[in-house]
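Q: what shape does this take:
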Amino acid sequence: MSHAATLAISLLSFLLFSSALSAQQFGSAQEARAMLERAVAALKVDQAAALAAFNKGTDGFRDRDLYVFCNSLDGTSLAHANPAMLGGNLNELKDANGKAFGKEIMSSAREGQVSSVAYAFPRPGESQPAAKESYVTRIGDLVCGVGYYK
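A: Predicted structure coming up:
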(Lines give C-alpha, C1' and ligand atoms only; values in the text may rest on other atoms or scores of the structure.)
Protein backbone atom coordinates (compact mmCIF):
# COMPACT_ATOMS: atom_id res chain seq x y z
CA MET A 1 0.00 0.00 0.00
CA SER A 2 1.34 3.41 -0.87
CA HIS A 3 2.16 6.03 1.72
CA ALA A 4 -0.64 8.25 0.37
CA ALA A 5 -3.19 5.43 0.69
CA THR A 6 -2.06 4.68 4.25
CA LEU A 7 -2.32 8.36 5.13
CA ALA A 8 -5.81 8.58 3.60
CA ILE A 9 -7.00 5.53 5.54
CA SER A 10 -5.52 6.93 8.75
CA LEU A 11 -7.21 10.28 8.20
CA LEU A 12 -10.55 8.62 7.43
CA SER A 13 -10.28 6.47 10.56
CA PHE A 14 -9.53 9.54 12.66
CA LEU A 15 -12.50 11.45 11.23
CA LEU A 16 -14.88 8.54 11.83
CA PHE A 17 -13.60 8.11 15.40
CA SER A 18 -13.87 11.87 16.06
CA SER A 19 -17.45 12.06 14.83
CA ALA A 20 -18.40 9.06 16.97
CA LEU A 21 -16.90 10.77 20.02
CA SER A 22 -18.66 14.06 19.37
CA ALA A 23 -21.97 12.23 18.93
CA GLN A 24 -21.50 10.78 22.42
CA GLN A 25 -20.71 14.20 23.89
CA PHE A 26 -24.41 15.11 23.90
CA GLY A 27 -27.55 13.21 24.83
CA SER A 28 -29.89 11.91 22.14
CA ALA A 29 -33.66 12.12 21.73
CA GLN A 30 -33.97 8.44 22.72
CA GLU A 31 -31.87 8.98 25.85
CA ALA A 32 -33.96 12.02 26.82
CA ARG A 33 -37.19 10.06 26.42
CA ALA A 34 -35.79 7.15 28.46
CA MET A 35 -34.67 9.52 31.24
CA LEU A 36 -38.16 11.05 31.37
CA GLU A 37 -39.68 7.58 31.70
CA ARG A 38 -37.31 6.79 34.60
CA ALA A 39 -38.16 10.16 36.19
CA VAL A 40 -41.90 9.46 36.02
CA ALA A 41 -41.36 6.06 37.66
CA ALA A 42 -39.22 7.63 40.42
CA LEU A 43 -41.82 10.35 41.07
CA LYS A 44 -44.56 7.74 41.45
CA VAL A 45 -42.50 5.91 44.10
CA ASP A 46 -41.36 8.92 46.18
CA GLN A 47 -41.92 12.42 44.84
CA ALA A 48 -39.73 14.24 47.39
CA ALA A 49 -36.78 11.86 46.93
CA ALA A 50 -37.13 12.03 43.15
CA LEU A 51 -37.13 15.84 43.08
CA ALA A 52 -34.04 15.85 45.32
CA ALA A 53 -32.27 13.41 42.97
CA PHE A 54 -33.21 15.53 39.93
CA ASN A 55 -31.77 18.65 41.57
CA LYS A 56 -28.58 16.87 42.65
CA GLY A 57 -28.25 15.04 39.34
CA THR A 58 -27.89 11.72 41.12
CA ASP A 59 -29.37 8.29 40.39
CA GLY A 60 -28.77 8.74 36.65
CA PHE A 61 -30.84 11.91 36.38
CA ARG A 62 -28.05 14.01 34.88
CA ASP A 63 -26.11 12.72 31.89
CA ARG A 64 -23.98 15.06 29.79
CA ASP A 65 -26.47 17.75 28.70
CA LEU A 66 -29.57 15.74 29.70
CA TYR A 67 -31.38 16.54 32.94
CA VAL A 68 -34.87 16.41 34.43
CA PHE A 69 -36.83 19.58 35.12
CA CYS A 70 -40.10 19.75 37.04
CA ASN A 71 -42.58 22.50 37.80
CA SER A 72 -45.68 22.76 39.96
CA LEU A 73 -48.96 23.31 38.12
CA ASP A 74 -48.63 27.08 38.65
CA GLY A 75 -45.28 26.97 36.82
CA THR A 76 -42.93 27.25 39.82
CA SER A 77 -39.64 25.46 39.15
CA LEU A 78 -39.03 22.65 41.66
CA ALA A 79 -36.25 20.75 39.88
CA HIS A 80 -33.65 21.95 37.37
CA ALA A 81 -29.96 21.39 36.57
CA ASN A 82 -29.38 25.13 37.04
CA PRO A 83 -30.04 26.06 40.69
CA ALA A 84 -30.70 29.67 39.61
CA MET A 85 -33.86 28.45 37.84
CA LEU A 86 -35.38 27.00 41.04
CA GLY A 87 -38.31 29.01 42.34
CA GLY A 88 -38.75 30.87 39.06
CA ASN A 89 -41.89 30.56 36.99
CA LEU A 90 -41.74 28.57 33.75
CA ASN A 91 -44.78 30.44 32.43
CA GLU A 92 -42.69 33.62 32.23
CA LEU A 93 -39.87 32.16 30.11
CA LYS A 94 -39.37 33.02 26.46
CA ASP A 95 -36.52 31.89 24.26
CA ALA A 96 -34.14 34.12 22.28
CA ASN A 97 -36.68 34.20 19.43
CA GLY A 98 -39.48 35.40 21.70
CA LYS A 99 -41.26 32.03 21.83
CA ALA A 100 -43.18 31.57 25.10
CA PHE A 101 -41.92 28.00 25.46
CA GLY A 102 -42.66 27.84 29.18
CA LYS A 103 -46.38 28.34 28.61
CA GLU A 104 -46.27 25.80 25.78
CA ILE A 105 -44.60 23.21 28.03
CA MET A 106 -47.19 23.80 30.75
CA SER A 107 -50.18 23.68 28.39
CA SER A 108 -49.05 20.66 26.36
CA ALA A 109 -48.23 18.38 29.33
CA ARG A 110 -50.91 15.72 29.85
CA GLU A 111 -51.09 12.90 32.37
CA GLY A 112 -50.10 9.58 30.77
CA GLN A 113 -48.93 11.23 27.52
CA VAL A 114 -45.60 12.62 26.34
CA SER A 115 -45.54 15.75 24.19
CA SER A 116 -42.58 17.58 22.71
CA VAL A 117 -41.80 21.29 22.64
CA ALA A 118 -39.03 22.83 20.52
CA TYR A 119 -37.27 26.05 21.58
CA ALA A 120 -33.86 27.67 22.03
CA PHE A 121 -32.16 27.34 25.43
CA PRO A 122 -28.52 27.36 26.57
CA ARG A 123 -26.78 24.06 27.27
CA PRO A 124 -25.81 23.56 30.93
CA GLY A 125 -22.86 25.81 31.73
CA GLU A 126 -23.26 27.91 28.56
CA SER A 127 -24.99 31.22 27.85
CA GLN A 128 -25.68 31.00 24.09
CA PRO A 129 -29.11 29.53 23.23
CA ALA A 130 -29.06 26.27 21.26
CA ALA A 131 -31.88 24.42 19.50
CA LYS A 132 -33.55 22.17 22.06
CA GLU A 133 -36.53 19.84 22.12
CA SER A 134 -38.04 18.70 25.40
CA TYR A 135 -40.28 15.75 26.07
CA VAL A 136 -42.84 16.76 28.69
CA THR A 137 -45.59 15.10 30.67
CA ARG A 138 -47.78 15.66 33.70
CA ILE A 139 -47.40 13.46 36.76
CA GLY A 140 -50.10 14.33 39.31
CA ASP A 141 -49.44 17.91 40.43
CA LEU A 142 -46.18 18.25 38.46
CA VAL A 143 -45.16 19.01 34.89
CA CYS A 144 -41.78 17.44 34.14
CA GLY A 145 -39.56 17.07 31.15
CA VAL A 146 -36.20 16.12 29.74
CA GLY A 147 -34.80 17.93 26.73
CA TYR A 148 -32.04 17.19 24.27
CA TYR A 149 -30.11 19.62 22.12
CA LYS A 150 -30.27 19.25 18.38
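Q: so who does the closest residue to Asp59 other than its chain neighbours touch?
A: With CB to CB, 6 or more residues apart in numbering as the measure, Ala53 is the residue that lies nearest to Asp59, at 4.4 Å, once sequence neighbours are left out. In short, each C-beta sits where N, CA and C put it, glycine included. When contacts are counted by CB atoms under 8 Å, 6 or more residues apart in numbering, Ala53 is found next to Ala42, Asp59, Phe61.
Q: pick out the lowest-pLDDT one from those.
A: Within the contacts of Ala53, the minimum per-residue pLDDT falls on Asp59 (93).
Q: ok, that residue to Asp141 distance?
A: According to CB to CB, to the nearest Å, Asp59 stands 21 Å off from Asp141.
Q: out of these two, which sits in the busier spot?
A: Neighbour totals were compared for Asp59 and Asp141, and Asp59 leads with 14 against 9 (other CB atoms under 10 Å).
Q: not counting sequence-adjacent ones, nearest residue to Phe121?
A: Spatially, and ignoring its direct neighbours in sequence, Phe121 is nearest to Lys132 (4.7 Å; CB to CB, 6+ apart).
Q: wasn't the one you found part of a strand?
A: Yes. Inclusion of Lys132 in a strand is indicated when DSSP: H, G, I helix; E, B strand; the rest coil is applied.
Q: show me what it bridges to in the sheet.
A: Lys132 has these beta-bridge partners by DSSP bridges: Tyr119, Tyr149.
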